[in-house]
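# I'll drop the sequence and a predicted model, then ask my questions.
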Amino acid sequence: MAPQRKDAATDHNTQPDASLKTKSEIAASARRDIADVLRNWDHEPGTINVRKIVGNDGREKLQMRLELGVLQMEIAGRPDGVRPHDRQSLLHHHVHRLRKHKKRCGSPWGFSLNPDECAALRSEAAMYYQRYLSFFVLDEFDAVAAYCRQNDIT
């Protein structure tokens, strides 16, 4: 007989993670649990569910409900809030590298990206796509157009 799965969110007899030693560690772990968010926002198969919220930092954010959780994105800058190499995006970083190369060598010949850099750019593009899609679902077409134009870095 297969063991039954216990839902820690509803099973009050479940013990806290043994690796957590102090009450503050346990409290911090509980604050990271998104079970309440998931319980109060159903996933609807075949539907793209998006909403705007105000984050703990006071800034507006986008959330997209997925089957296994929630995707949360920043509205400004990169959707994950990261500034790779202190640039607006990884794309901007590599364009900066290309411009430096062209200035130094006189042409783009010899400039390349390795497979890991290409994969990271694809991942970044997927994040931006999720944000465009979120704005589209919210009928915020001006935002969709504005974020598409920001990639024009020629």
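Nice, thanks for sending it over.

# so where does residue 72 fall, helix or strand?
Taking DSSP states H and E as the criterion, residue 72 maps to strand 69-74.

# no no, residue 62
If you go by DSSP H and E, residue 62 is part of strand 60-66.

# now residue 130
Residue 130 belongs to helix 115-137, assigned by DSSP H and E.

# How far off centre is that helix?
How far helix 115-137 lies from its chain's middle: 9 Å, per CA atoms, centre = their mean, to the nearest Å.

# got the angle for that helix vs strand 69-74?
If you take axes from the mean of the first three to the mean of the last three CA atoms, to 10 degrees, helix 115-137 sits at 90 degrees to strand 69-74.

# Buried residues in helix 115-137, which are they?
By neighbour count on 16 or more other CB atoms under 10 Å, the buried set for helix 115-137 is 120-121, 124, 127-128, 130-132, 134-135, 137. For glycine as for every other residue, the C-beta is placed from the backbone atoms N, C-alpha and C.

# how about residue 125, what does it touch?
residue 91 (CB atoms under 8 Å, 6 or more residues apart in numbering).

# if I look at it, how far off is residue 58?
From residue 125 across to residue 58, the span is 28 Å (CB to CB, to the nearest Å).

# Quick check: which element contains the closest residue to residue 105 other than its chain neighbours?
Spatially, and ignoring its direct neighbours in sequence, residue 105 is nearest to residue 111 (7.9 Å; CB to CB, 6 or more residues apart in numbering). Assigning secondary structure by DSSP H and E places residue 111 outside every helix and strand.

# Run through the bridge partners of the residue nearest to residue 49 when sequence neighbours are not counted.
The spatial neighbour of residue 49 that comes closest, neighbours along the chain excluded (CB to CB, 6+ apart), is residue 65 at 3.9 Å. Taking DSSP bridges as the rule, residue 65 bridges to residue 49, residue 70.

# how many neighbours does residue 65 have?
Neighbour count for residue 65, taken as other CB atoms under 10 Å: 18.

# Show me what counts as buried in stretch 32-50.
38, 50.

# avg pLDDT for it?
The pLDDT scores in stretch 32-50 average 86.

# who's in contact with it?
8-9, 51, 62-67, 69-70, 133-134, 137-138.
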